[in-house]
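Asker: No sequence on hand, only this structure:
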């Protein structure tokens, strides 16, 4: 079955960096777009970044552009989110998600979700 396992969350200071990883299994990873979404305390789920199946196209929420970078390694069935210049408002539970097909569409609900990894940005 499809499994998505996130790791790399933790506590970071403002201005610091974290790298999230999502290990995928149970499907042909290179055939599907992947994304990251987050749920901040008391707020709804919001997608943060997406990447097409071959990695050529990437998408970012405006508030993370220039600070976050999504990438994938299809040989390792893993998608990453490099988060730099972290801000307290980036504090959230971050989820990895798989799309329904090879192209990422932010308006489309993802097909599968991981359990999430907590990111806390605080001094």
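Answerer: Noted; the coordinates are in hand. Everything quoted here is computed from the prediction, not taken from an experiment.
Asker: gap between residue 116 and residue 11?
Answerer: As defined by C-beta to C-beta, to the nearest Å, residue 116 lies at a distance of 16 Å from residue 11. In this view, the C-beta of every residue, glycine as well, is placed from N, C-alpha and C.
Asker: cool, residue 5 as well?
Answerer: Residue 5 sits 20 Å away from residue 11, going by C-beta to C-beta.
Asker: Next, the residue nearest to the spatial centre of the chain: phi, psi?
Answerer: For the chain, the residue sitting closest to the mean C-alpha position, by C-alpha atoms, centre = their mean, is residue 36 at 2.3 Å. Residue 36 has phi and psi values of phi -120, psi 140 when expressed as degrees, to the nearest 10.
Asker: Pull the contacting residues for it.
Answerer: 20, 22, 47-50, 70, 79, 81, 94-97 (C-beta atoms under 8 Å, 6 or more residues apart in numbering).
Asker: Look up which helix or strand residue 72 falls in, please.
Answerer: For residue 72, the host element (DSSP states H and E) is strand 68-73.
Asker: Tell me the neighbouring strands of that strand, and mark each as parallel or antiparallel.
Answerer: Strand 68-73 has the following strand partners under DSSP bridges: strand 78-83 (antiparallel).
Asker: In the sheet, which strands lie alongside the next helix or strand along the chain from the strand it pairs with, parallel or antiparallel?
Answerer: Moving toward the C-terminus from strand 78-83, the first helix or strand encountered (DSSP H and E) is strand 92-98. Each strand pairing with strand 92-98, determined using DSSP bridges, is listed with its direction: strand 34-39 (antiparallel), strand 112-113 (antiparallel), strand 117-121 (antiparallel).
Asker: most tightly surrounded among those?
Answerer: strand 34-39 (a mean of 23; mean count of other C-beta atoms under 10 Å).
Asker: Read off the pLDDT value for residue 108.
Answerer: Looking at residue 108, its pLDDT is 84.
Asker: Quick check on it: phi, psi?
Answerer: Dihedral pair for residue 108: phi -100, psi 130, per degrees, to the nearest 10.
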